[in-house]
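# Give me a model of this one.
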Amino acid sequence: MTESSTTLVGTSSLQARSLATRTEDGLDAVQWRRHDGAVRMARPSPELLHERLWENEPIRRGVQYQNRLNQHGLYYWPRTGRHLWYESALELACLVDLDHQGEAVQVATQPFRLLFRRGAEAVYHDPDFFAVNENGDQVVYDVKPAARINEKARQQFAATALVCADVGWRYEVLSEANPTRTINLGFLRAARLTRCHPSWEVFVRLLDIFEAGRFLGEGAAMVNRRHPALAMPYLKHLIWHRHLSVDLDQPLDFDTTATTTSEGEPCCG
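I've put the predicted structure just below:
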């Protein structure tokens, strides 16, 4: 992107540190904050696809205080070694699901603000997540409980979708998944990291054991007959990375049938 394409819209300084809630000319714009604190603004155009927006500081951070109902925290993203901030249990569940899907390489939390074309009216929106997938797709995500998607929210989503289309970003609105799937992914994610990857010998053996489909408890006993539970982190790891296929919309237990797949990502090991 050229220097002129990222100049601040309607402002003379390139190093402003305060966020805008509208542009002086009332046109759509994208605003982000660099690591040095400088705020940049640009028109939504395909040139923004070349900006490394996932490296920016969050455009805003929610405030956590005692007895607040929203759950704030940090989620570790293994592909970059960074922690991602979230401010609700639903946002955490969506991050876990995106992590499990394995397509997103770079993910950032609220990396920019969208200023909408509404004349003098101060209308803006901070999308929840921004991701860059392995295939190069750049995706903007909003997270909203289904029960809170009213007409005002739909109008905001429509305005966001128009700005994203001008840039070339995909846009998705995420709501609650199947509760059982959310619970299952929360159970599996503790085993997603390298420390739970089996040795190559055990890895190949597990893929062979589950090739025709087998109960998880039975497969664990075949790996370690004396202490089957010791094999469970391996199974959870391979399910997370999709080397083993299970129905995540059903409760996971020892009687869950798992089958070897050819769709797993090269996770570790």
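# which element follows the lengthiest helix in the chain toward the C-terminus?
In the chain, assigned by DSSP state H, the helix with the most residues is helix 151-167. Once the chain leaves helix 151-167, the next helix or strand it forms, by DSSP states H and E, is strand 170-174.
# Run me through the strand neighbours of that following strand, direction for each.
Strands flanking strand 170-174 in the sheet, each with its direction: strand 138-143 (parallel) (DSSP bridges).
# now the strand it pairs with: how far from the chain's centre is it?
Distance of strand 138-143 from its chain centroid, counting by C-alpha atoms, centre = their mean, to the nearest Å, is 8 Å.
# The longest helix of the chain: how far from the chain's middle?
In terms of C-alpha atoms, centre = their mean, the centre of helix 151-167 is set 19 Å apart from its chain centre.
# Same check on stretch 164-182?
Distance of stretch 164-182 from its chain centroid, counting by C-alpha atoms, centre = their mean, is 9 Å.
# ok, now stretch 135-143?
Centroid separation for stretch 135-143 versus its chain: 8 Å, with C-alpha atoms, centre = their mean.
# Quick one: mean pLDDT for that stretch?
Regarding stretch 135-143, the rounded mean pLDDT is 97.
# Other residues contacting it?
With contact meaning C-beta atoms under 8 Å, 6 or more residues apart in numbering, stretch 135-143 is reached by 49, 88, 90-91, 94, 98, 103-104, 127-133, 157, 160, 164, 167-175. Backbone N, C-alpha and C define where each C-beta goes, glycine included.
# neighbours around the closest residue to residue 254 other than its chain neighbours, how many?
Of all residues not flanking residue 254 in the chain, residue 217 sits nearest, at 2.9 Å (C-beta to C-beta, 6 or more residues apart in numbering). Neighbourhood size, residue 217 [other C-beta atoms under 10 Å]: 17.
# which SS state does the closest residue to residue 189 other than its chain neighbours fall under?
Spatial nearest neighbour of residue 189, excluding adjacent residues (C-beta to C-beta, 6+ apart): residue 96 at 5.6 Å. Classification of residue 96 by DSSP: H, G, I helix; E, B strand; the rest coil places it in helix.
# Give me the distance between residue 96 and residue 46.
31 Å (C-beta to C-beta, to the nearest Å).
# Comparing those two, which shows the higher neighbour count?
Taking neighbours as other C-beta under 10 Å, residue 96 and residue 46 compare with residue 96 leading, 21 against 11.
# where along this protein do the strands fall?
Along the chain, counting by DSSP state E, strands occupy 29-33, 39-42, 73-77, 82-86, 104-109, 113-115, 124-125, 129-133, 138-143, 170-174, 214-215, 244-245, 257-260.
# Turn the ones you listed into CSV, columns for mean neighbour count and distance to residue 183.
CSV is the format used below for the strands of the chain (neighbours: other C-beta atoms under 10 Å; distance: least, C-beta to C-beta, whole Å):
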stretch, mean neighbour count, distance to residue 183
strand 29-33, 23, 35
strand 39-42, 21, 40
strand 73-77, 15, 17
strand 82-86, 18, 18
strand 104-109, 21, 22
strand 113-115, 23, 33
strand 124-125, 17, 31
strand 129-133, 21, 22
strand 138-143, 20, 18
strand 170-174, 17, 17
strand 214-215, 16, 20
strand 244-245, 22, 18
strand 257-260, 17, 17
